[in-house]
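In: Quick one, what's the 3D model for this:
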Amino acid sequence: MATLATTGRESDHDNRHPMSMVAYSLVVLIIPALGWMMLSLAQHQTGAAIASAIALVVTVVGSATIYTAMARRLQHSPLLPEDSAAEKDRYLAKYRRGGARSRG
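Out: Modelled structure (predicted):
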């Protein structure tokens, strides 16, 4: 089970997969794309509305694809970092070919 407590020595970003940050950035870009689309529709600018609608669809589909793939491969939510030592070691062994990490 994921824990949200941190030890104080590590930042909250140490345990997040880099692709979850990319997917989060795509989610953040949904709001401006939606706003641009609505503004373009209100001003009857069809080309800009279509371009912003395409950007909106790409960001939604892209972030959903990344989150779904990560949830299936990592077997837990990509939104909640695992803070347990066992989860960190499992991740490092599986994806970074490392094993136990140093605690220096």
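In: Can you get me a residue count around L56?
Out: Counted with other Cβ atoms under 10 Å, residues neighbouring L56 total 19. Yep, even glycine has a C-beta here, placed from its N, CA and C like the rest.
In: Contacts only, for the closest residue to it other than its chain neighbours.
Out: Sequence neighbours aside, A33 is the residue nearest to L56 in space, at 4.1 Å (criterion: Cβ to Cβ, 6 or more residues apart in numbering). Counting by Cβ atoms under 8 Å, 6 or more residues apart in numbering, A33 touches S52, A55, L56, T59.
In: and A33, what element?
Out: helix 18-42 (DSSP states H and E).
In: Give me the mean pLDDT for that helix.
Out: For helix 18-42, mean pLDDT is 89.
In: Next, the buried residues of that helix.
Out: Buried residues in helix 18-42, counted by 16 or more other Cβ atoms under 10 Å: S20, A23, Y24, L26, V27, L29, A33, L34, W36, M37, S40.
In: and the residues you listed as JSON lines, adding distance to A69?
Out: Supplementary listing: these in JSON lines, determined by distance: Cβ to Cβ, whole Å:
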{"residue": "S20", "distance to A69": "11"}
{"residue": "A23", "distance to A69": "9"}
{"residue": "Y24", "distance to A69": "15"}
{"residue": "L26", "distance to A69": "13"}
{"residue": "V27", "distance to A69": "15"}
{"residue": "L29", "distance to A69": "19"}
{"residue": "A33", "distance to A69": "22"}
{"residue": "L34", "distance to A69": "24"}
{"residue": "W36", "distance to A69": "27"}
{"residue": "M37", "distance to A69": "27"}
{"residue": "S40", "distance to A69": "32"}
